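K.L.:
Predicted coordinates and the sequence they were generated for:
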Amino acid sequence: MTTPLADFLRAYAASGTARLHMPGHKGRGPLGCEAWDLTEISGADSLYEAAGVIARSEENAAALFGSAATFYSTEGSTQCVKAMLFLALQNRPAGTPPVVLAARNVHKSFVHAAALLDFEPLWLWPEEGTSSLCACPVAAEGLDRALSALDAPPAAVYITSPDYLGNMADIPALAEVCRRYKTPLLADNAHGAYLRFLSPSRHPMDLGADLACDSAHKTLPVLTGGAYLHISKTAPAAFRENARAALALFGSTSPSYLTLASLDLCSRYLSENYPARLKEAVRRLEALGKTLSANGWQVEPSDPLRLTLRAPSGLTGLDLADRLRRGGAECEYADRDFLVLMTTPENTPEDLARVSAALGENRAPAAPAVSLPLAKGERVLSIREALFAPQESVPAEESLGRVCGAPTVGCPPAVPIAVSGERIGPEALALFRCYGVKRVDVLKSEN
């Protein structure tokens, strides 16, 4: 597969051209990568008006992902989440309210988008018995009930899949419900760019989502910040036509050409032997999971490139993370209940061997799941009103009855304990204690 953007950068770096343009390093510097770090000079194209090398590179990515169009972001899925929501709201039927029906385990970029775009989230809460703020399983039946209860279809249904623990939504079933209500399905697939290259594909674009974003840098060999916004072939034409403008609304006018080049080169990587390498990486991780299970550890169901352990009685996920560090390995995430490892084909067998060596055997029983009531706080203000209001930080134990300013989450993405504009109740305080939240941003008191 061609790499038009990287080819241009390589040729320009070798040309010896006097750089009487930005950036200030002029292609020279201690990092060694400055020669490829450009601005929108002649021939380099422009991300939000792409018609040259960037546009051709994005076309390569669209062909790989099977989308109607794929657009690059250098500011992660954070930029793409906001752009997806803008497109859905812009395309809603005239006269319908700006409402999005969303599974509650949203990344904070969703909450920030609600403030910037001034829409009202209606929450799909996790099923009873869910013991982690990271998970928010939503069944098709529950989505159907929620949609049927509304006076008008929302601008979109929004889900996060995979979630931070690796749980994956039943996207085909959810998409079928959305089609019946003529509502677009948006998927935050930040942790699942690789899913397209499994056999069969498990990517949201192939399962029925209308819009999806991937943080390429999370699971593919792409520099931090590299992401994709995908438009499905069945989505309204307006989504594709307005996608660049939507991304530009939330992005810097100085996108990183190093990150863009890594996205460009990733297409060649994916087009070659990546599916075979991915299959082998999945096999190795499955083998590690079986080894850990045989050694007494409780391995949770997750997406194929993630390994999630439930902490045993007497230990926390944070304790397990410390064990890994002493053994020369670093995890993706740890909290009271879980340890999460994210792998890719770039991890060597030696990397995985360090995990089993560091953890050793576990003889303690699995810790019982602690399920606290979720905090469904009273909505006092809109998210926009609350986030833009004067705020102050207070000890969590002193926040009872106060109105949440900035959303309080255990990790991104996760079920926020409190969302901007909600009054903090006793259930929230119990969750703050459970998850070690020490301080909370609340609206300033008038006293």
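P.N.:
Nice, I can see it.
K.L.:
Break the chain into its domains for me.
P.N.:
Under the assignment automatic domain parsing, the domains of the chain span 4-271, 276-359, 383-443.
K.L.:
and I159, helix, strand or coil?
P.N.:
Under DSSP: H, G, I helix; E, B strand; the rest coil, I159 falls in the strand class.
K.L.:
Do I have it right that it meets V138?
P.N.:
Yes - counting by Cβ atoms under 8 Å, I159 touches V138, with 6.5 Å between them. C-beta here means a position set from N, CA and C on the backbone, and glycine is covered the same way.
K.L.:
what about the two, which has more around it?
P.N.:
Counted by other Cβ atoms under 10 Å, I159 and V138 do not tie: I159 has more neighbours, with 28 against 25.
K.L.:
give the contact list for that one.
P.N.:
Residues near I159 by Cβ atoms under 8 Å, 6 or more residues apart in numbering: A102, A103, V138, A169, I171, L174, L185, L186, A187, D188.
K.L.:
The fourth one reaches P137, doesn't it?
P.N.:
Yes - counting by Cβ under 8 Å, A169 does reach P137; the two are 7.4 Å apart.
K.L.:
These two: who's more crowded?
P.N.:
The residue with more neighbours, out of A169 and P137, is A169; 26 against 18, by other Cβ under 10 Å.
K.L.:
Excluding residues flanking it in the chain, which one is nearest that one?
P.N.:
Excluding its sequence neighbours, the residue lying closest to A169 (Cβ to Cβ, 6 or more residues apart in numbering) is S161, at 3.8 Å.
K.L.:
what do you get for A364?
P.N.:
P312 (3.9 Å).
K.L.:
Please name the residues that touch that neighbour.
P.N.:
Neighbour list for P312: G296, W297, Q298, N362, A364, P365, A366, A367 [criterion: Cβ under 8 Å, 6+ apart].
K.L.:
Could you measure from it over to P368?
P.N.:
With the distance defined as Cβ to Cβ, to the nearest Å, P312 ends up 11 Å from P368.
K.L.:
returning to that earlier point: next, show the common contact partners of I159 and V138.
P.N.:
Among the neighbours of I159, those also in contact with V138 (Cβ under 8 Å, 6+ apart) are A103, A169, L174.
K.L.:
Filter the residues you listed down to the ones in helices?
P.N.:
Judged by DSSP state H, the shared contacts of I159 and V138 include L174 as members of helices.
K.L.:
ok, so of the shared contacts of I159 and V138, who is nearest R180?
P.N.:
Distances from R180 to the shared contacts of I159 and V138, taken as Cβ to Cβ, are shortest for L174 (11.1 Å).
K.L.:
Now do the contacts for that closest one.
P.N.:
Applying Cβ under 8 Å, 6+ apart, we find L174 in contact with V138, A140, L143, V157, I159, L185, G208.
K.L.:
before we move on, what SS does V442 have?
P.N.:
strand.
K.L.:
Could you check the pLDDT of it?
P.N.:
If you check V442, the pLDDT there is 97.
K.L.:
what do you get for the one 4 residues further on?
P.N.:
The predicted local confidence for E446 comes out at a pLDDT of 69.
K.L.:
returning to that earlier point: please report which of the contacts of P312 has the highest neighbour count.
P.N.:
For the contacts of P312, neighbours tallied by other Cβ under 10 Å; top is W297, 23 neighbours.
K.L.:
hmm, back to that, report the two of the contacts of I159 separated the most.
P.N.:
A102 and I171 (14.8 Å).
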